[in-house]
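Trainee: I would like the atomic coordinates for the input below:
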Amino acid sequence: MANVVYVYPNKPFDSKLNVHFIAPEKGDVSIRVNDVEGNEVSVQKIKDFEGEFMGQIDLKKNAKGTLFVTVTQKGDGSVQRIVIE
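Mentor: Numbering: from 1, shown residues only. Got it, this is the predicted structure:
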């Protein structure tokens, strides 16, 4: 898994986060968004993915505050912290 994940909200914020990363090997990818208490805000799974991902993930609720976006593939991953005001 690439160790660089870019995450940023739409402006104006509409409960969607833009996510960008590169997966150098083919495999299942999981994108999870959690709040500071560890509660899952959203999850997206992508089967057999390889290459550059540029997409959006919808948050289940209009989340505010500090969120952690974790992108994992084959046990390797990266976490990006983002603050939604």
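Trainee: Only C-alpha atoms from now on, for both contacts and neighbour counts.
Mentor: Will do.
Trainee: Partner strands of the helix or strand bottoming out on mean pLDDT in the chain, with direction?
Mentor: Of all helical and strand segments in the chain, the minimum by mean pLDDT, DSSP states H and E falls on strand 5-9, at a mean of 89. Applying DSSP bridges, strand 5-9 is found paired with strand 16-35 (antiparallel).
Trainee: in the least confident helix or strand of the chain, what counts as buried?
Mentor: 5, 7-9 (16 or more other C-alpha atoms under 10 Å).
Trainee: Next: stretch 56-63.
Mentor: Buried, per 16+ other C-alpha under 10 Å, within stretch 56-63: 56-59, 63.
Trainee: repeat for stretch 25-45
Mentor: 27, 29-35, 41-43.
Trainee: got a list of what the spatially most distant residue from the centre of the chain touches?
Mentor: Distance from the C-alpha centroid of the chain peaks at P12, with 18.7 Å (C-alpha atoms, centre = their mean). By C-alpha atoms under 8 Å, 6 or more residues apart in numbering, no residues touch P12.
Trainee: where does this structure dip in pLDDT?
Mentor: Scanning the chain for pLDDT under 70 picks out the ranges 1-3, 62.
Trainee: Please repeat the previous calculation with a cut-off of 90.
Mentor: 1-5, 8-15, 24, 59-64, 74-75, 84-85 (pLDDT under 90).
Trainee: still on that earlier bit, distance to N18 for the buried residues of stretch 25-45 - can I get that in TSV?
Mentor: Shown next, in TSV, are the buried residues of stretch 25-45 (distance: C-alpha to C-alpha, whole Å):
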residue	distance to N18
G27	21
V29	16
S30	15
I31	12
R32	13
V33	12
N34	15
D35	17
V41	15
S42	13
V43	14
